[in-house]
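Visitor: The amino acid sequence is not available; the structure is as follows:
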């Protein structure tokens, strides 16, 4: 049973516009959420995180929103840049020792 | 330079031949973990270690062993590899838990 779901395998956005990547989870014990970005032939790199005590966290062009009642989080990238083209993984943890990833969403930002 | 290194980066082996993938970090991190990435499945956690001599299973530990004798090293051992362990493996480390993990470059393993 998939506990972290990224239902969109891919997303295409024009440069300068907003990219919104979505993630749903089923395990109510999850209390910490992260987004990782991955380029081909490289390891994932940490992007942004949010604790369940917050509903929003911002870091430059990246904002993560958490809706606990809907068990949904989203990553907003504004403005999107061609260098943002990568696979984005949503991940969730309950207890800070184990991490469950979604399957990823491939973002393509075209000039 | 702060980094997580993995060796080898690419490996082709045959069923049943024991192998070890090494992982080393130079950031004095306490937490280390192994993941595998497979098409259509994302990343799945194999094992993790909260500190030296402390290891525990992740979601997919079957067929793997780990050890943590020193803080900087966390090798992944496949005692008897099988074709379903063909995958891309990532090692990661962080200060205390799953926050802000630093990932290695990956090891691509093919088991024939």
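Guide: Now that the structure is in, tell me what you want to look at. These numbers were taken from a predicted model, which means no experiment stands behind them.

Visitor: what about residue B:40, neighbour count?
Guide: Number of residues near residue B:40 (other C-beta atoms under 10 Å in any protein chain shown) recorded here: 7. In this view, the C-beta of every residue, glycine as well, is placed from N, C-alpha and C.

Visitor: which residues does the residue nearest to it when sequence neighbours are not counted contact?
Guide: Excluding the flanking residues, the one nearest residue B:40 by C-beta to C-beta, 6 or more residues apart in numbering or on different chains is residue A:103, at 6.5 Å. By C-beta atoms under 8 Å, 6 or more residues apart in numbering or on different chains, the contact list for residue A:103 reads A:2, A:5-6, A:9, B:40-42.

Visitor: For the buried ones among those residues, write the corresponding PyMOL selection.
Guide: In PyMOL, this line selects whichever of the contacts of residue A:103 come out buried by 16 or more other C-beta atoms under 10 Å in any protein chain shown:
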select buried, (chain A and resi 5+6) or (chain B and resi 42)
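
Visitor: Which members of the contacts of residue A:103 are positioned in strands?
Guide: Among these, the members found in strands (DSSP state E) are A:5, B:42.

Visitor: Mind checking what secondary structure the residue minimising distance to the centre of chain B has?
Guide: Centroid check for chain B by C-alpha atoms, centre = their mean gives residue B:34 as the closest residue, at 3.2 Å. Following DSSP: H, G, I helix; E, B strand; the rest coil, we place residue B:34 in the strand state.

Visitor: What residues are bridge-paired with it?
Guide: residue B:47, residue B:91 (DSSP bridges).

Visitor: for chain A, what spans make up the strands?
Guide: Under DSSP E, chain A gives strands at A:4-5, A:10-14, A:19-25, A:32-38, A:45-51, A:56-59, A:62-67, A:72-77, A:86-93, A:100-101, A:105-110.

Visitor: model confidence over the second one, on average?
Guide: Along strand A:10-14, the predicted local confidence has a mean pLDDT of 98.

Visitor: Can you list the strands that it pairs with?
Guide: In the sheet, strand A:10-14 lines up with strand A:105-110 (parallel) (DSSP bridges).

Visitor: Let's have the contacts of residue A:103 in JSON lines, adding distance to residue A:99.
Guide: Below are the contacts of residue A:103 laid out as JSON lines (distance: C-beta to C-beta, whole Å):
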{"residue": "A:2", "distance to residue A:99": "14"}
{"residue": "A:5", "distance to residue A:99": "15"}
{"residue": "A:6", "distance to residue A:99": "15"}
{"residue": "A:9", "distance to residue A:99": "21"}
{"residue": "B:40", "distance to residue A:99": "19"}
{"residue": "B:41", "distance to residue A:99": "14"}
{"residue": "B:42", "distance to residue A:99": "11"}
